[in-house]
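>>> Generate coordinates for the sequence data below:
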Amino acid sequence: MVRLVPSTAQDDALSIACTLGASDFKERVAGIRALARRSLRRADRAPLSLSLTYEPEALDEVRELMRKERTCCAFLTFDLKSSARDVVLTITAPEAAAEAADLLFDHFALNSRHPTSRRLHNMQRRHFLMLSATAGIAAAAGPAFAHNGDETIAGFDEALKSSKPVIIHVTAPWCEVCQAQKPIVAALLASPDFRTMKKFDVDFDTQKEVLARYHVQMQSTMIVYKGGKEIDRQTGQTDPAVIEALLRKAL
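Below you'll find the predicted structure:
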């Protein structure tokens, strides 16, 4: 089970069923990308949907892909149309998952981001390069890791009691979005505005007890705390300005 928690109303959280574990997820993505390399003609993105056009010979494989994805990702809607010319699979995400749409669709087709997202990505990269030059990433202190094998994060409770701003960042080594987030967060924490913020990294694959305690069920999640209380969280964001705005809420 994966949950995206909208920052405006945690009680109205969107439950996103994704029953695959880390190793199964990686195997599934490898299969999807292999199919794309063999048979995918084109991928067309809208903000909340992805339309994949395959060679007609791939019909059985696409049907099997749809069957598997419906089983593990019931929150997505799948529509399959086939003809002698092609096979078209359209995948639609719910409105509440809009912020994570790129994260959800990226493994179905390379370069499947919505045009608006690609323009934003280029802007975000420029923003990050400017931020990195100003902040000096090399000066950033190393994060605290929660690899103690239980539901607690070493030093986390003490950090909350200190009244300093705190951030938890849930990542996975196979998560491309997580890897994009890391240098952005590091640059921010190295800047004067955020030098008092304490960062705790949680591994999505190995620290399930921690994830359960803090109600985190998706990698690339960031949670910020102020005055010992959670202020906000977000999942799947790689826009430096949006991440910076989240961190500022804890100051």
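
>>> Touching stretch 25-35 from outside, list them.
By CB atoms under 8 Å, 6 or more residues apart in numbering, the residues outside stretch 25-35 that reach it are 20, 54, 58, 61-62, 65, 68, 72, 107-108, 110, 174. All C-beta spots, glycine's among them, are computed from the backbone N, C-alpha and C.

>>> Which members of those are positioned in helices?
Members of the contacts of stretch 25-35 lying in helices (criterion: DSSP state H): 61-62, 65, 68, 72.

>>> Can you tell me which of the contacts of stretch 25-35 are classed as buried?
Buried by 16 or more other CB atoms under 10 Å: 20, 54, 58, 61-62, 65, 107-108, out of the contacts of stretch 25-35.

>>> Mind putting these into JSON lines with distance to R195?
Converted to JSON lines, the buried ones among the contacts of stretch 25-35 look like this (distance: CB to CB, whole Å):
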{"residue": "L20", "distance to R195": "39"}
{"residue": "Y54", "distance to R195": "51"}
{"residue": "A58", "distance to R195": "53"}
{"residue": "E61", "distance to R195": "52"}
{"residue": "V62", "distance to R195": "51"}
{"residue": "L65", "distance to R195": "47"}
{"residue": "H107", "distance to R195": "36"}
{"residue": "F108", "distance to R195": "40"}
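
>>> hang on, the earlier thing: just the ones in helices among the contacts of stretch 25-35: which has the poorest pLDDT?
Confidence by pLDDT is poorest for C72 among the ones in helices among the contacts of stretch 25-35, given 80.

>>> So, low pLDDT: which residues of the protein?
Within the chain, the ranges that satisfy pLDDT under 70 run 1-22, 99, 109-151.

>>> ok, which stretches of it are helices?
For the chain, helices defined by DSSP H occupy the ranges 22-39, 59-72, 101-105, 115-135, 156-161, 176-190, 208-213, 240-248.

>>> tell me the most buried of these?
Stretch with highest mean neighbour count among those: helix 101-105 (a mean of 22; mean count of other CB atoms under 10 Å).

>>> Now it - C-alpha only, CSV.
What follows is helix 101-105, C-alpha atoms only, in CSV (Å, rounded to 0.1, in the frame of the first residue of the first chain):
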residue,chain,number,x,y,z
ALA,A,101,2.1,11.9,-12.2
ASP,A,102,5.6,12.0,-13.6
LEU,A,103,6.8,9.6,-10.9
LEU,A,104,3.9,7.2,-11.7
PHE,A,105,4.4,7.3,-15.5
